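# have a look at this fold, sequence not included:
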């Protein structure tokens, strides 16, 4: 595979050269004033990206999965009841994590391709008069299916039921790419990772924590050490860490967050929406179904494409890699082999998106999928040209 080819997986994403260089720094004493100059701006920038003025940012040397674990082990106790939903691979993994931590999981599941079932959640919350449910877990953007869920409506359901449960949100493949409003949506713990919208290598779990979650952690009894918010929030104000931080990645995060804020968050979201729509126009020209069940659910960071019966999506992805040196996302879990995914987030331009669409067309044609080669490129080109500057 050529290292000049962009990748089209939904993370890790392509890394801008300026951010790659920012990560590549000499060894730096993380107790020095030089680290302070990196760390303090990062914390403030992350809060701006999350759109929180009242919450705190905590950054662990981990992946988004570490952020999930931090979210539950800092706010809950063994046997606590959580409400969540299985509607994709990553929402399912969070359920598995809760069960392994000895939590009682109540589920309102949905078919893969659907979003989080807000009305079903609302019914459960209204019926929970004793407030046994201590936390509601929601996946904002289900990376496996290309589905975005409505977190604002979920918060409205909690408010309507006058339910005090914490709202914990997985925003790993949405935050810094799609609009996320921590304060406005009443999110108590927001989880993301460095390798998606922040355009960095994997290695940082980025977590926003509300004051309500900070209060809850004083009574939470799940075991925690590495992921303890208390240690981080105690030491971070003096630029301290309870253990050795990933200094190079944090310097990269400073560069990437400054890049995003300089572009303007609304422009970042509009750029992702534009790229996503170009990809969707291409898929529609192929007459292949987008796996998300409704256009209102379409993700602006990844599109999952359903393939005709008899076409193995994972084999298609492997073929594109081996023959053309370009990576697409394979199907995961229940949709393994049934879909392939085109990631369109992070460092990506219209020209790069067109290259990915063209490569996907070659791979589909090689597998005798009845598409017209060039149709997807033309559809995306037409959209990009007509919407230029819109």
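Okay, I see it. This structure is a prediction, so every number in the text was calculated from the model and none was measured.

# so the residue nearest in space to the middle of the chain, which of the three states?
Centrality entry for the chain: nearest residue to the mean C-alpha point is residue 173, 1.5 Å, by C-alpha atoms, centre = their mean. Secondary structure, DSSP: H, G, I helix; E, B strand; the rest coil: residue 173 is coil.

# show me what contacts it?
Residues near residue 173 by C-beta atoms under 8 Å, 6 or more residues apart in numbering: 10, 11, 141, 143, 196, 197, 299, 301, 302, 345. Glycine gets a C-beta too; all of them are placed from N, C-alpha and C.

# of the residues you listed, which is the nearest to residue 365?
Closest to residue 365 out of the contacts of residue 173 is residue 302 (22.6 Å), distances taken as C-beta to C-beta.

# OK, contacts around the closest one?
Contacts of residue 302 by C-beta under 8 Å, 6+ apart are 10, 141, 143, 146, 173, 329, 341, 342, 343, 344, 345.

# what about the fourth one, neighbour count?
If you count neighbours by other C-beta atoms under 10 Å, residue 146 ends up with 30.

# nearest residue to it other than its sequence neighbours?
residue 304 (3.9 Å; C-beta to C-beta, 6 or more residues apart in numbering).

# show me the strands in the stretch 1-150 of the chain, by range?
Secondary structure of the stretch 1-150 of the chain (DSSP state E, counting those that start in this stretch): strands located at 56-60, 81-84, 104-107, 133-139, 141-142, 147-148.

# residues contacting the second one, please?
Taking contacts as C-beta under 8 Å, 6+ apart, the residues outside strand 81-84 that touch it are 72, 76, 91, 94-95, 98, 103-108, 121, 124-125, 132-138, 165.

# now residue 368: which helix or strand?
Per DSSP states H and E, residue 368 falls between elements, in no helix or strand.

# would you map the helices across the stretch 151-300 of the chain?
According to DSSP state H, counting those that start in this stretch, the stretch 151-300 of the chain carries its helices in the segments 151-160, 211-217, 229-235, 247-263, 265-285.

# would a markdown table of the ones you listed with mean neighbour count, mean pLDDT and distance to residue 35 be doable?
Listed next are the helices of the stretch 151-300 of the chain as a markdown table, based on neighbours: other C-beta atoms under 10 Å; pLDDT from 0 to 100; distance: least, C-beta to C-beta, whole Å:
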| stretch | mean neighbour count | mean pLDDT | distance to residue 35 |
| --- | --- | --- | --- |
| helix 151-160 | 18 | 98 | 34 |
| helix 211-217 | 18 | 98 | 24 |
| helix 229-235 | 17 | 97 | 12 |
| helix 247-263 | 21 | 98 | 6 |
| helix 265-285 | 20 | 98 | 26 |
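
# immediately after the helix or strand hosting residue 320, which helix or strand?
Using DSSP H and E, residue 320 maps to helix 313-324. Downstream of helix 313-324, the first helix or strand assigned by DSSP H and E is strand 329-330.

# rounded mean pLDDT for that following strand, please.
In this model, strand 329-330 has an average pLDDT of 98.

# after that strand comes which helix or strand?
Downstream of strand 329-330, the first helix or strand assigned by DSSP H and E is strand 339-343.

# any stretches of the chain with poor pLDDT?
Residues of the chain meeting the criterion pLDDT under 70: 1-3, 389-390.

# make it 50
Where the chain drops to pLDDT under 50, the residues are 1.

# wait, which of the helices of the stretch 151-300 of the chain is closest to residue 20?
The nearest among the helices of the stretch 151-300 of the chain, by C-beta to C-beta, is helix 247-263 at 7.7 Å.

# tell me the angle that closest one makes with helix 265-285.
Relative orientation of helix 247-263 and helix 265-285, computed by axes from the mean of the first three to the mean of the last three C-alpha atoms, to 10 degrees: 90 degrees.

# rewinding a little: for the helices of the stretch 151-300 of the chain, give me TSV that also has distance to residue 380.
Formatted as TSV, those follow (distance: least, C-beta to C-beta, whole Å):
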stretch	distance to residue 380
helix 151-160	29
helix 211-217	42
helix 229-235	43
helix 247-263	22
helix 265-285	4
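
# surely residue 202 touches residue 192?
No - the criterion here is C-beta atoms under 8 Å, and residue 202 misses it with residue 192 at 11.8 Å.

# with neighbour numbers in mind, choose between the two.
Each of residue 202 and residue 192 has its neighbours counted (other C-beta under 10 Å); residue 192 has more, 29 against 15.

# from residue 269, how far out is the residue lying closest to the more buried one once chain neighbours are set aside?
Leaving out its chain neighbours, the residue that sits closest to residue 192 by C-beta to C-beta, 6+ apart is residue 175, at 3.9 Å. Counting by C-beta to C-beta, to the nearest Å, the gap from residue 175 to residue 269 is 11 Å.

# likewise for residue 320?
Distance of residue 320 to residue 269, computed by C-beta to C-beta: 28 Å.

# what does residue 317 give?
Using C-beta to C-beta, residue 317 is found at 28 Å from residue 269.

# give me the number of residues near residue 323?
By other C-beta under 10 Å, 12 other residues sit near residue 323.

# equivalent analysis for residue 358, please.
17.

# tell me the SS of it?
Secondary structure state of residue 358, per three-state DSSP, is helix.

# any idea how far the nearest residue to residue 160 once chain neighbours are set aside is from residue 135?
Spatial nearest neighbour of residue 160, chain neighbours left out: residue 122 (6.9 Å); criterion: C-beta to C-beta, 6+ apart. Distance, residue 122 to residue 135, using C-beta to C-beta: 16 Å.

# more neighbours, these two?
residue 135 (23 against 19).

# so what's that one up against?
Residue 135 makes contact with 72, 75, 76, 80, 82, 83, 165, 166, 167, 168, 188, according to C-beta under 8 Å, 6+ apart.
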